[in-house]
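Fold the following for me, if possible:
(2 chains)
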Amino acid sequence: EAQVTQNPRYLITVTGKKLTVTCSQNMNHEYMSWYRQDPGLGLRQIYYSMNVEVTDKGDVPEGYKVSRKEKRNFPLILESPSPNQTSLYFCASSLTTGGYEQYFGPGTRLTVT
Amino acid sequence: QKEVEQDPGPLSVPEGAIVSLNCTYSNSAFQYFMWYRQYSRKGPELLMYTYSSGNKEDGRFTAQVDKSSKYISLFIRDSQPSDSATYLCAMRPILTGGGNKLTFGTGTQLKVEL
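All right, here's what the predicted structure looks like:
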């Protein structure tokens, strides 16, 4: 089944404790992206990647890191999480950079206390 | 002012009603217009997309784009309880420096009641 998977689905952590949210797609998509979804603000892009080893900042990159060493994986790293990073995170992918359809993962709900 | 404005609802309608969901936008460069549906505790999934202006129909769903008014709509005919979800509009220019970055509305929560 074609899909985007994320792990973990739920995470509660404390301020400053480094964490990684994994994202993997099995559709051989070139483009991958991370969004956060907050009430009243909608979905905002954090980082994106147009291909292996090619990443760039989105609208809200502060406090996050990413890497793309393999085409299928695009982990999101929070090196020192803070409470304002409490949010619902989505990974998405599309076949090409110019493709209009993005496939979203199921989401990771992160709480930082 | 946000680039894309969407009424958050919630919108509650009886089964069988015609539903109209709308977004307005300010960036005249937007050319691709999409509607995503997001069920509770799930990721958004693409419902419909339209390029530039005009209408597009798919079963019970019709998407309309009026670029002169910077206004897009999604109509749902014969609404069903299974249509209960949050509907997100999204849009982007033809070419973006930021790859395939979509600008999303905040979503409208729809509930279709029996």
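
Count the residues that sit near the nearest residue to A:Leu78 once chain neighbours are set aside.
Once flanking residues are discounted, A:Leu78 sits nearest to A:Leu19: 5.2 Å by Cβ to Cβ, 6 or more residues apart in numbering or on different chains. Every residue, glycine included, has its C-beta placed from N, CA and C. Here the count is done by other Cβ atoms under 10 Å in any protein chain shown, and A:Leu19 has 17 residues near it.

buried residues in stretch B:7-21?
By neighbour count on 16 or more other Cβ atoms under 10 Å in any protein chain shown, the buried set for stretch B:7-21 is B:Val13, B:Val19, B:Leu21.

who's in contact with that stretch?
Where contact means Cβ atoms under 8 Å, 6 or more residues apart in numbering or on different chains, the residues beyond stretch B:7-21 that reach it are A:40, B:6, B:22, B:35, B:73-81, B:83, B:87, B:89, B:106-114.

Inside strands: which ones of these?
Among the contacts of stretch B:7-21, the members found in strands (DSSP state E) are B:6, B:22, B:35, B:73-76, B:87, B:89, B:108-113.

out of those residues, which is most surrounded?
The most neighbours of any of the ones in strands among the contacts of stretch B:7-21, using other Cβ under 10 Å, belong to B:Cys89, which has 28 neighbours.

Could you tell me how far the residue lying closest to it once chain neighbours are set aside is located from A:Thr108?
Take B:Cys89 and drop its neighbours on the chain: the residue closest to it by Cβ to Cβ, 6+ apart is B:Cys23, 3.8 Å away. Applying Cβ to Cβ, to the nearest Å, the value for B:Cys23 to A:Thr108 is 26 Å.
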